[in-house]
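Novice: Pasting a predicted model and its sequence here:
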Amino acid sequence: MITEIRHIIFSNDELKLVFQTVPLEGFDAGRRILSIQVVEGPPPTVKLSSDLPTGGGREEIQVESYQLARLIVAYCREKRIPLPKDALKTLHAQGDQLCFSIMSSLS
């Protein structure tokens, strides 16, 4: 059996695009994202800091790994990045970036 392993690395700038393209439920995609910080796990999380919708102050959101995985799969679909349906998909922090790993068996 042959196993294929791919890693898709998301920089902080690319993570901003993820949140603006396929926003979290209840998060306005038009909000200005001030900073993104990848927090090592296991499992990894992301701290997202943005302006409040009312215009005053800022809000910090902790995005859990299950939410990140769902957003990244939706983002890859939007950007037409192929992902095998039956592949094992995992997230881990790689320095200040987020790594999305895909492992699939080729028959």
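Specialist: That came through, no problem.
Novice: Flag every buried residue along whichever helix in the chain runs longest.
Specialist: Ranked by number of residues, the top helix in the chain under DSSP state H is helix 65-78. Across helix 65-78, burial judged by 16 or more other C-beta atoms under 10 Å covers 65, 68, 71-73, 75-76. (Each C-beta comes from the backbone N, C-alpha and C, glycine too.)
Novice: need the strands for this protein, in chain order.
Specialist: Applying DSSP state E to the chain gives strands spanning 2-10, 33-39, 45-51, 58-63, 88-94, 97-106.
Novice: Nearest to residue 17 among those would be which one?
Specialist: For residue 17, the closest of the strands of the chain is strand 2-10, at 8.8 Å, according to C-beta to C-beta.
Novice: got the buried residues for the helix or strand of the chain with the lowest mean pLDDT?
Specialist: Across the helices and strands of the chain, mean pLDDT, DSSP states H and E gives its lowest value to strand 58-63, namely a mean of 85. For strand 58-63, burial by neighbour count (16+ other C-beta under 10 Å) applies to residue 63.
Novice: hang on, the earlier thing: could you dump the buried residues of helix 65-78 to CSV with pLDDT and distance to residue 32?
Specialist: Formatted as CSV, these follow (pLDDT from 0 to 100; distance: C-beta to C-beta, whole Å):
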residue, pLDDT, distance to residue 32
65, 89, 25
68, 90, 20
71, 91, 18
72, 92, 22
73, 91, 25
75, 92, 19
76, 91, 24
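Novice: For these, name the two members farthest from one another.
Specialist: Largest separation among the buried residues of helix 65-78 by C-beta to C-beta: 65 and 76, giving 16.0 Å.
Novice: low-scoring stretches of this structure, by residue?
Specialist: Scanning the chain for pLDDT under 70 picks out 28-30, 53-55.
Novice: how about 80 then?
Specialist: Residue ranges of the chain with pLDDT under 80: 23-31, 41, 52-57, 106-107.
Novice: What is the end-to-end distance of stretch 31-46?
Specialist: Stretch 31-46 has its terminal residues 17 Å apart, counting by C-alpha to C-alpha, to the nearest Å.
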